[in-house]
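Q: How does the following fold in three dimensions:
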Amino acid sequence: MEDIGYQLADAENGTAKLVLHIVDRCQDAWNTIAGILPELAADILPMQELLSRHGAAMRQEFPDAGKFIRPGFDAPVR
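A: The predicted structure follows:
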């Protein structure tokens, strides 16, 4: 039987990896919008900075999130 601490850490890293993926996708989307509508770049900058800070904080809090293997996404389901 797996240790409950390991299971919780695994769940936390899995959730953190998902959040980081969402943050990265949002950053890409805002960068695309800023490229298409450069006149809005100054208005978009606060959101880009917020996402950058949030992503950095998540990576610091969950340094092993990137190592988490998501079945069906990062590895084939067996």
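
Q: For the spatially most central residue of the chain, give its distance to A34.
A: Nearest to the mean C-alpha position of the chain, by CA atoms, centre = their mean, lies L20 at 0.7 Å. Between L20 and A34 the distance, using CB to CB, to the nearest Å, works out to 21 Å. C-beta here means a position set from N, CA and C on the backbone, and glycine is covered the same way.

Q: hang on, the earlier thing: who are the neighbours in contact with the residue nearest to the centre of the chain?
A: G55, M58, R59, F62, A65, G66 (CB atoms under 8 Å, 6 or more residues apart in numbering).

Q: so the fifth one touches N13, yeah?
A: Yes - under the contact definition of CB atoms under 8 Å, A65 touches N13, with a separation of 4.8 Å.

Q: If you count neighbours, what's buried in the longest helix seen in the chain?
A: For the chain, the helix that runs over the most residues, judged by DSSP state H, is helix 4-36. Buried residues in helix 4-36, counted by 16 or more other CB atoms under 10 Å: N13, G14, A16, K17, L20, V23, C26, Q27, W30, I33, A34.

Q: Next, format the residues you listed as CSV and append distance to P71.
A: Shown next, in CSV, are these (distance: CB to CB, whole Å):
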residue, distance to P71
N13, 14
G14, 10
A16, 16
K17, 12
L20, 18
V23, 22
C26, 24
Q27, 26
W30, 30
I33, 33
A34, 35
